[in-house]
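Peer 1: sequence first, predicted coordinates after that:
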Amino acid sequence: MPEVDPLARNNVHITGNPDGRTIMFAHGFGGTQDSWRFVVPAFENDFRIVLFDQMGAGASDLSLYDRAKYDSLYGYADDVLEIIEALDLHDVIYVGHSVAGMMGLLAANRRPELFSRLVLLGPSPRYIDADGYAGGFSQAAIEDLLLSLDSNYLSFSVTIGSVLMGNPERPELSESLTQIISSQDQSITAQFARATFLSDNRRDLPDVTTPTLILQSYEDNIAGPEVGEYVHQHIRGSELRQMNSRGHVPNLSAPDEVSRHILEYLG
Amino acid sequence: MTALADESADSALDKAPCGLLVTDPDDVVIRANSTFLRWTGYRREQVIGRLFHDLLDAGGQAFYDSRFRDELWSRKELREIVLQLVRANGQTMPIMLNAEMVMEEGSPAGVRLAIFDVRNRQDFEREMLIAKRQAEASEASVRILQRAADRFVTASSEEELFELVAAVAQDAFAASEVAVVRYQSETEWETVRGIHLRELLAEVRGSRAVDHNLTADEVLVIPDIERAYELSDDLGDRFRAARAAAFSSVSISDETTVIGSFACLYGRPRTFDSGTLELHRALAKQMGLAFSRVRFQERLSDLASRDQVTGVATRGFIDSHAESIFEAARRDNTSVSHIFLDLDGFKAVNDNLGHRPGDMVLKTVADRIRGAVRSQDIVGRFGGDEFLIVCRDADEHVATAIAERIARAIAAPMEGIPVSMSVTASIGVAVYVPGEGTDVSAETLTRRADAAMYESKRASGNTVTLAA
């Protein structure tokens, strides 16, 4: 097998201050590294910033898609570790939105020596309700959600979106339409949705040894306050901060508040 | 002038044949037109001040939060999004939605939403989507099975097959890891692929998972980590150490014995629907056939079981093998066919050209038969210029087609043999149909094929006859 370059595979970009502490931003389901664009400026002076696209999103290299690897969050967690190793990073501050929070948590549990802090923005270890656990969704609601995602695939394809937006920084996306609307693309989106919404990482929380901050919007219907509280209760020594932002994507809707909390936490 | 032309713009929009909403950047509804209220049955004050999100059904809310908001903020507009509204009476209403973000001085000032009633087509489209998913899944299964069959044919040793079993299972089920086990006996087994999973597999066996109703039609499944912990704490811990959240396993058998099994590990909980279970079974069956073929070939390399002139099985070897194939067919309720073949014109070759060319003809015939049969069919020399071919899973149509292919292949000219002495084959085919009486055996099937062969002979040769 040819050597895979994780930096090309995940479209890794490094900005900010090369001498600063390293902070890595990981986007969630449905996003790209652009989802951090309003948050990143607050860190540019003092931090070295690592941005990347999750496999299957943005300008990641779909030719390296591996159904077995990316069937669960472990595959995405391994990508995080591979990027960190390729850049020879240490003491990484990892900020993960939504499902990327769990990915970073799994990565930090596997290689705790590489991480100095975890920041989980709207995390959920399990979306589906279970005995004694309120994830926020019934099994049927999640099935409905997966169906909605499938129905709306054409309107939501990340690559189509980028093309329609006319992203000049990514000329490689201006390919033929048939290539863009490939069935591979669709099945990747569908598999990412399943890895995200069908996972159960509750048992991984107590294993965390990396100092962790949980940022919780006061109204978040994907990962509600009680879920944030659960995560906080199960990660020893973690800090939970309630934000005034509404919704599940505060990195877009309340970026200043998100940056402020992270900066305060990092001191 | 009609009343319509008199209408103010506001009033026209209020009664437009689509629902119109405006929200602030935080998703709070600040305006709603009358059409929207009429469709949903809400009073204006029930809608204004509410989150648009809260007007959607649970799946729609999840979709809206996970995907819609992020995309809208990135792209500023979205088209043709299919969602479900919850009406005042609790019923859902399928809608199609266009959304546009309004920017003021570079910042989001609100969102305009146009909502179309798609009640009439939505249910239909949902059904279509579900049907399409199912069709795609079964199509994918067929593709996986075809590809697997192509790959198994290339294996010439058990070692290669074990390797292929692991690779094929991983591809088929997107498993994070696959372990393959070989049985030496009922109680003795060794892990031949995924050796680091040995203890986990032993724990699954030891946990008597089989007794916990975890087998669904021959496939053992552990759908999530909680079930693993229910079986035993040790098993749960081993699952976690292997980063496994689910497990499935099925055994692989040839005609008579269990050869081994494969086990898949998954990184997330899995539900195993009937199609997935069926694919497990179908692959295991293919694997069993492939092992059977390879074992036959391996034993054939033993000089005692191979005919020295032609390289195919000896009579003794094919007889005993035919018996186990027949017993398996009876057990599994599948068909099996025997094809009996006697050469026409061989005596003339032997008498006129001598033994060496005679042997050459026999060798050529054997090679041509092997080229005409399927990979799972076995070929033996019955003695003299007689051959027996045993075809599992072959009904009368399949078996006749194979026999006709053989006849055509043999009838082609042979190098060094004058056209006047051309060799052809008289062929008889006998088929065991599932459910036939217990008096039938491999031996009687061969006898019936032999008798049918004589019919072909009497009809002046180069013919295929199906035993009555």
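Peer 2: Perfect, thanks for sending it.

Peer 1: element containing B:V22, please.
Peer 2: Taking DSSP states H and E as the definition, B:V22 sits inside strand B:19-23.

Peer 1: now the helices for the stretch 51-200 of chain A?
Peer 2: Secondary structure of the stretch 51-200 of chain A, counting by DSSP state H, counting those that start in this stretch: helices at A:73-86, A:99-110, A:139-151, A:153-156, A:158-165, A:177-180, A:183-197.

Peer 1: do the third one and chain B meet?
Peer 2: Yes - looking at helix A:139-151 against chain B by C-beta under 8 Å from any C-beta of the partner chain, the contacts come from A:140-145, A:147-151. Heads up, the C-betas are built off the backbone N, CA and C, glycines and all.

Peer 1: before we move on, the earlier item: roughly how far is the strand holding B:V22 from the heart of the chain?
Peer 2: Here the centre of strand B:19-23 is set off from its chain's centre by 48 Å, with C-alpha atoms, centre = their mean, to the nearest Å.

Peer 1: related to what we said a few turns ago, so which of the helices of the stretch 51-200 of chain A is the most surrounded?
Peer 2: Neighbour counts (mean count of other C-beta atoms under 10 Å in any protein chain shown) averaged over each of the helices of the stretch 51-200 of chain A peak at helix A:99-110, with a mean of 26.

Peer 1: where does pLDDT dip in the chain?
Peer 2: Let's take chain A. Judged by pLDDT under 70, chain A has its weakly predicted residues at A:1-2, A:152-185.

Peer 1: hmm, I had chain B in mind actually
Peer 2: B:1-5, B:7, B:122-123, B:125, B:208-217.

Peer 1: quick one, helices of the stretch 151-300 of chain B?
Peer 2: Using DSSP H, counting those that start in this stretch, the helices of the stretch 151-300 of chain B run over B:158-173, B:198-206, B:225-231, B:233-241, B:274-300.

Peer 1: now the angle between helix B:158-173 and the last one, please.
Peer 2: Angle between the axes of helix B:274-300 and helix B:158-173 is 170 degrees (criterion: axes from the mean of the first three to the mean of the last three C-alpha atoms, to 10 degrees).

Peer 1: for helix B:274-300, name the packing helices and strands.
Peer 2: Counting contacts by 3 or more C-beta pairs under 8 Å, 6 or more residues apart in numbering or on different chains; DSSP states H and E, helix B:274-300 packs against helix B:119-153, helix B:158-173, strand B:219-222, strand B:246-253, strand B:258-266, helix B:315-332.

Peer 1: and B:V82, bridged to which residues?
Peer 2: Beta bridges link B:V82 to B:M96 when assigned by DSSP bridges.

Peer 1: that one touches A:L147, doesn't it?
Peer 2: No - applying C-beta atoms under 8 Å as the test, B:V82 and A:L147 come out as separate, 9.6 Å apart.

Peer 1: returning to what we had before: which of the residues in the strand holding B:V22 are buried?
Peer 2: Across strand B:19-23, burial judged by 16 or more other C-beta atoms under 10 Å in any protein chain shown covers B:19-23.

Peer 1: who's in contact with B:I30?
Peer 2: B:22-24, B:48, B:110 (C-beta atoms under 8 Å, 6 or more residues apart in numbering or on different chains).

Peer 1: how about B:F387?
Peer 2: B:312, B:340-341, B:365-366, B:369, B:379-381.

Peer 1: ok, so of the residues you listed, who is nearest chain A?
Peer 2: B:V379 (38.5 Å; C-beta to the nearest C-beta).

Peer 1: before we move on, back to that, make TSV out of the helices and strands packed on helix B:274-300 and add mean neighbour count and distance to B:R43.
Peer 2: Output for those, formatted as TSV (neighbours: other C-beta atoms under 10 Å in any protein chain shown; distance: least, C-beta to C-beta, whole Å):
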stretch	mean neighbour count	distance to B:R43
helix B:119-153	14	22
helix B:158-173	20	52
strand B:219-222	22	51
strand B:246-253	24	48
strand B:258-266	23	49
helix B:315-332	18	67
